[in-house]
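*Asks:* Provide a 3D model corresponding to the input given below.
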Amino acid sequence: MCGRYALTTTPDDVLNFVSVALVEDFPPRFNIAPTQPILVVMQSERPDPGSNLPDRRAFLARWGFIPGWAKDPKDLSLMINARAETAIGKASFRAAMRHRRILVPASGFYEWRRPEKSGEEKSQPYWIRPKKGGLIAFAGLMETYASADGSEIDTAAILTTAANRSLKRIHDRMPVVISQEDFTRWLDCRLQEPREVKDLMTAVDDDFFEAIPVSDSVNKVSNMGAELQLPADDVAPLPVLRPKPKPDDSQLSLF
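*Replies:* The predicted structure is shown next:
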């Protein structure tokens, strides 16, 4: 899953990464949590004829998806993630998958490795970031919820998929990362139907991320400093990642 992440770069870096005309100024955020406003990028409905950039706009949305058909959000569970394997057909996300796919810029995310057996030590948080550094973009979905009093709020969820071999040592789910060369395909809801971007909703390569054990200070939403990403001391190493087994060529196939 993805329940905490960070965006610690400058607005100019985000602007250049996602190719939008304008990104409002914002401070580095080292501990972004559910229900907070998050920066998202969406295909623009009104292209700027004077711009050479792709038709995209950046804006803030509440991290916690509310389907348009919901009568009272208080009756719903907080939907911060959507499973990539089922989002196309699930009632809560079907319309957004077809019409409102977004990107969520990030510097990385946090994940907790749970104890394998009862009685073991508490969960260990990890700061997971690209090995090569720089920004990434999570695949997301957006819905504008209109309440009974006429007010509207943009809401968002991050898509997750089965973790790759490397991160499976920490958790069985991970956010879907959209490559920069695939931004246009993912955001183009007019020409690209959900089934045509299904191939993008998979895990990144095993060596894309590095996982750094950090202190449990990140558990508290009120802790928001850069020290959250400092490596923690005296943390047991992750299980050894064994190489993938090679196909057995010793026996001939009947086919």
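*Asks:* Can you get me a residue count around residue 72?
*Replies:* For residue 72, the neighbour count with other CB atoms under 10 Å is 9. (Glycine included, C-beta is placed from N, CA and C.)
*Asks:* which residue ranges form the helices in the stretch 51-200 of the chain?
*Replies:* Ranges of helices within the stretch 51-200 of the chain are 94-99, 183-187, based on DSSP state H, counting those that start in this stretch.
*Asks:* which regions of the stretch 101-250 of the chain lie under the pLDDT threshold?
*Replies:* Low-confidence regions of the stretch 101-250 of the chain, defined by pLDDT under 70, span residues 117-120, 245-250.
*Asks:* Next secondary structure after the longest helix seen in the chain?
*Replies:* Identified as the longest helix of the chain according to DSSP state H is helix 11-18. Using DSSP states H and E, the helix or strand that follows helix 11-18 in sequence is strand 29-32.
*Asks:* Contacts for that following strand next, please.
*Replies:* Contact with strand 29-32 is made by 4-8, 38, 63, 110, 218, 221, 223-226, 228-229, as judged by CB atoms under 8 Å, 6 or more residues apart in numbering.
*Asks:* check contacts around the nearest residue to residue 15 once chain neighbours are set aside.
*Replies:* Setting aside the residues directly before and after it, residue 15 is nearest to residue 23 in space (CB to CB, 6 or more residues apart in numbering), at 4.6 Å. Taking CB under 8 Å, 6+ apart, we find residue 23 in contact with 11-12, 14-15, 39, 58.
*Asks:* Determine the set of other helices and strands touching the longest helix of the chain.
*Replies:* Applying 3 or more CB pairs under 8 Å, 6 or more residues apart in numbering; DSSP states H and E, one finds that helix 11-18 contacts strand 56-63, strand 101-106.
*Asks:* what distance separates that helix from the middle of the whole chain?
*Replies:* 17 Å (CA atoms, centre = their mean, to the nearest Å).
*Asks:* Dump the C-alpha coordinates for it into CSV.
*Replies:* The C-alpha atoms that make up helix 11-18 are tabulated as CSV, following Å, rounded to 0.1, in the frame of the first residue of the first chain:
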residue,chain,number,x,y,z
PRO,A,11,8.3,23.7,-7.4
ASP,A,12,10.5,24.4,-10.4
ASP,A,13,11.7,20.8,-10.4
VAL,A,14,8.1,19.6,-10.3
LEU,A,15,7.2,22.0,-13.1
ASN,A,16,9.9,20.6,-15.3
PHE,A,17,9.3,17.0,-14.4
VAL,A,18,5.6,16.9,-15.2
